[in-house]
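Asks: Dropping a prediction and its sequence here:
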Amino acid sequence: MPIYMLKDEVFDFPPVSRATKDGLLAIGGDLSPERLLIAYRSGIFPWYTDGEPILWWSLDPRMVMEPSGLKMTKSLWKTLESNRYSCSFDTNFEGVIRACATVPRTDDQIEEEPDDADESSTWISEDMISAYCELHELGFAHSVETYLDNELVGGLYGVSIGKVFCAESMFHTKAEASKVAFYNLCQFLIRNNFELIDAQQETSHMKRLGAAPIPRKEFIKTLKRLVNEQSLVGNWGNGSAELMQLTVDS
């Protein structure tokens, strides 16, 4: 099946049903906020190695979970009860995304590189960092930070549209630190009536946390309903976020 080539000046995507068997849908375009928001509303996300053209994906099946579906382990309960770590939202977005790009990657993350990828490589390029930092400034991308003695030791980031949180990546430098961030994210999403976490592709780590694959057709049907709900836009950590109806066309 031919791959769709995007045009810089047109923010369109082909139907996700046109993706290849491994989920590749389109090539090219840019990482502008408008295109990224349309992509996430459509069940599409960018994922490519630095030096490659931008690659856009829509996987089948899709890895998802409900915020209330987090599987709590004894070790995580013990860590939370110890109050060893503190957590915050949207206080250091750039620090989190840069840590996700540079901290050695294990399966304790949401996104994984292909098995044959160079361990030192990362799909979070400088262009990606700039693009998601801009989405953060606009109030659509968010981070959860885990601190130990005022040192950033874990966290995650993703994109929020409607009642869906599209999880991108997580990192940790101390045991359980990324899971503490994910726990706090789930609690926040529950309080604010989110219905779905999109973890994109299947990983053993997300399966242990409670995510499960579903057919893309089912995912897109649910996504279309949830992204049309009001979005919680703004800083999630300082109380300034507001519910807004997203008007980006998809």
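Replies: All right, it came through fine. Residues are numbered from 1 along each chain as shown.
Asks: and the longest strand along the chain, what's its mean pLDDT?
Replies: Using DSSP state E, we find that the single longest strand of the chain is strand 151-161. Averaging pLDDT along strand 151-161 gives 98.
Asks: after the longest helix along the chain, next one along is what?
Replies: For the chain, the longest helix by residue count, based on DSSP state H, is helix 177-191. For helix 177-191, the succeeding helix or strand toward the C-terminus, using DSSP states H and E, is strand 196-200.
Asks: Can you give me the buried ones in the helix or strand just after that next one?
Replies: Using DSSP H and E, the helix or strand that follows strand 196-200 in sequence is helix 204-209. By neighbour count on 16 or more other CB atoms under 10 Å, the buried set for helix 204-209 is His205, Met206, Lys207, Leu209. The C-beta positions use only the backbone N, C-alpha and C, and glycine is treated the same way.
Asks: Same check on stretch 51-66?
Replies: 54-66.
Asks: again, but for stretch 190-207
Replies: Under the neighbour-count criterion of 16+ other CB under 10 Å, stretch 190-207 has Phe194, Glu195, Leu196, Ile197, Asp198, Ala199, Gln200, Gln201, Thr203, His205, Met206, Lys207 buried.
Asks: That stretch spans what distance, first to last residue?
Replies: Distance between the boundary residues of stretch 190-207 (CA to CA, to the nearest Å) amounts to 19 Å.
Asks: So what touches it?
Replies: For stretch 190-207, contacts defined as CB atoms under 8 Å, 6 or more residues apart in numbering pick out 23, 45, 57, 59, 61-68, 107-112, 160, 163-168, 186, 189, 211, 213, 219, 222-223, 226, 232.
Asks: and these, which of them are in strands?
Replies: In strands, defined here by DSSP E, the members of the contacts of stretch 190-207 are 45, 57, 62-65, 160, 164-168, 213, 232.
Asks: Among those residues, which one sits closest to Leu80?
Replies: Checking the ones in strands among the contacts of stretch 190-207 against Leu80 with CB to CB, the nearest one is Met65 at 18.8 Å.
Asks: What sits closest to the closest one if chain neighbours are left out?
Replies: Sequence neighbours aside, Ala211 is the residue nearest to Met65 in space, at 3.9 Å (criterion: CB to CB, 6 or more residues apart in numbering).
Asks: Distance check, the one you found against Leu70.
Replies: The gap separating Ala211 from Leu70 is 9 Å, by CB to CB, to the nearest Å.
Asks: follow-up on the earlier one: quick one, phi/psi of the residue nearest to Met65?
Replies: The phi/psi pair for Ala211 (degrees, to the nearest 10) reads phi -80, psi 160.
Asks: Quick check, pLDDT for it.
Replies: On the pLDDT scale, Ala211 gets 97.
Asks: before we move on, back to that, just give the strands next to the longest strand of the chain in its sheet, each with its orientation.
Replies: Partner strands and pairing direction for strand 151-161 (DSSP bridges) are strand 141-148 (antiparallel), strand 164-172 (antiparallel).
Asks: Mind listing what's buried along the shortest one?
Replies: I take that to be strand 141-148. For strand 141-148, burial by neighbour count (16+ other CB under 10 Å) applies to Ala141, His142, Ser143, Val144, Glu145, Thr146, Tyr147.
Asks: Hmm, Tyr157 and the second one touching each other?
Replies: Same thing as His142. Yes: taking CB atoms under 8 Å as the definition, His142 is a contact partner of Tyr157 at 6.7 Å.
Asks: Touching both of the two, which residues are there?
Replies: Common neighbours of His142 and Tyr157 (criterion: CB under 8 Å, 6+ apart): Phe93, His136.
Asks: if we can go back for a sec, of Ala211 and Leu70, which one has the most company?
Replies: Between Ala211 and Leu70, counting by other CB atoms under 10 Å, Ala211 is the more crowded of the two (25 against 21).
Asks: Wait, that one touches Glu66, no?
Replies: No: using CB under 8 Å, Ala211 is not in contact with Glu66; the gap is 9.3 Å.
Asks: Before I go, just wanted to say thanks for your time.
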